[in-house]
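Trainee: Mind folding the following:
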Amino acid sequence: MKKDILAAVIIAEIDAWLFIAIFKNLDMDFGTGRFVVLIPELIKFSPIILPVLAVFGLFAARIIGRKIFTLFQFYKFALTGTLNTFIDLGIFNFLMWSFGVTIGLPLSIFKAMSFSVGVVNSYFWNKFWTFKKKETKVATKEFSQFYLVTGIGFLLNVGIFSLIVNFISPQFGLSEALWANVGVIIATFCVCVWNFLCYKFIVFKK
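Mentor: Prediction:
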């Protein structure tokens with residue numbers, strides 16, 4: 001359990017700092033409501049808040065997982081997914097900022113690049129933490145299965161993202177940059193279940 005706690009803290013801490021960097025890049029205006037103005041302050045304390053929430057969630061998932069182990073496993077998969085998502089978003093925003101592009105075909109290219117980096121991170125965390133595969137070497141068959149499954153997820157991810165960003169104009173008064181990030185998040189959620197089931201029953205099955 002100590003290793004699980006340490007892993008959860010590391011993931012949440014990295015999440016927090018990437019979240020802060022993304023927030024600064026988007027320069028979002030949350031308005032002047034009584035509670036809304038507290039959001040930027042809460043974000044500043046995310047390196048403390050997120051690890052605490054991650055560990056609390058880990059214990060809760062462990063308790064529930066005593067009866068349904070898959071739920072505990074899914075929590076670790078989901079927590080790993082937050083890191084993949086923030087790495088994805090972090091690189092994506094860095095590329096938008098570097099090239100000064102917030103709309104059009106280049107965004108799909110940026111998304112493909114950022115998603116690919118997140119995939120590599122996903123492989124190692126899911127292999128050695130979520131599904132606890134004992135062998136340390138990267139097996140050719142396992143690696144190939146992982147990339148085949150992830151490749152399909154990649155096509156779904158980029159396809160859904162491109163559909164949202166390039167064919168649907170920004171909604172709810174959001175800026176183009178923020179709408180692009182919404183597209184990243186929606187695409188990520190759409191492939192989440194697909195990835196978990198395939199990783200568990202095909203790639204990392206015991």
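Trainee: neighbours of the residue nearest to residue 204 when sequence neighbours are not counted, just the number please.
Mentor: On the basis of Cβ to Cβ, 6 or more residues apart in numbering, the spatially nearest residue to residue 204 that is not a chain neighbour turns out to be residue 131, at 3.8 Å. Every residue, glycine included, has its C-beta placed from N, CA and C. When neighbours are counted by other Cβ atoms under 10 Å, residue 131 registers 17.
Trainee: Does residue 131 touch residue 202 like I think?
Mentor: No - counting by Cβ atoms under 8 Å, residue 202 is not a contact partner of residue 131; they are 11.2 Å apart.
Trainee: Now for the residue nearest in space to the middle of the chain, which secondary structure element holds it?
Mentor: Nearest to the geometric centre of the chain sits residue 85, at 1.9 Å (Cα atoms, centre = their mean). With the criterion set as DSSP states H and E, the secondary-structure element containing residue 85 is helix 69-99.
Trainee: Measure how far that helix is from the centre of its chain, please.
Mentor: Helix 69-99 has its C-alpha centroid displaced from the chain centroid by 2 Å (Cα atoms, centre = their mean, to the nearest Å).
Trainee: do the same with stretch 170-184
Mentor: Its chain's C-alpha centre lies 17 Å from the corresponding centre of stretch 170-184 when counted by Cα atoms, centre = their mean.
Trainee: could you pull out the helices for this protein?
Mentor: Remark: helices of the chain, listed N- to C-terminal, are 2-26, 39-44, 46-65, 69-99, 105-125, 140-167, 176-198; assignment by DSSP state H.
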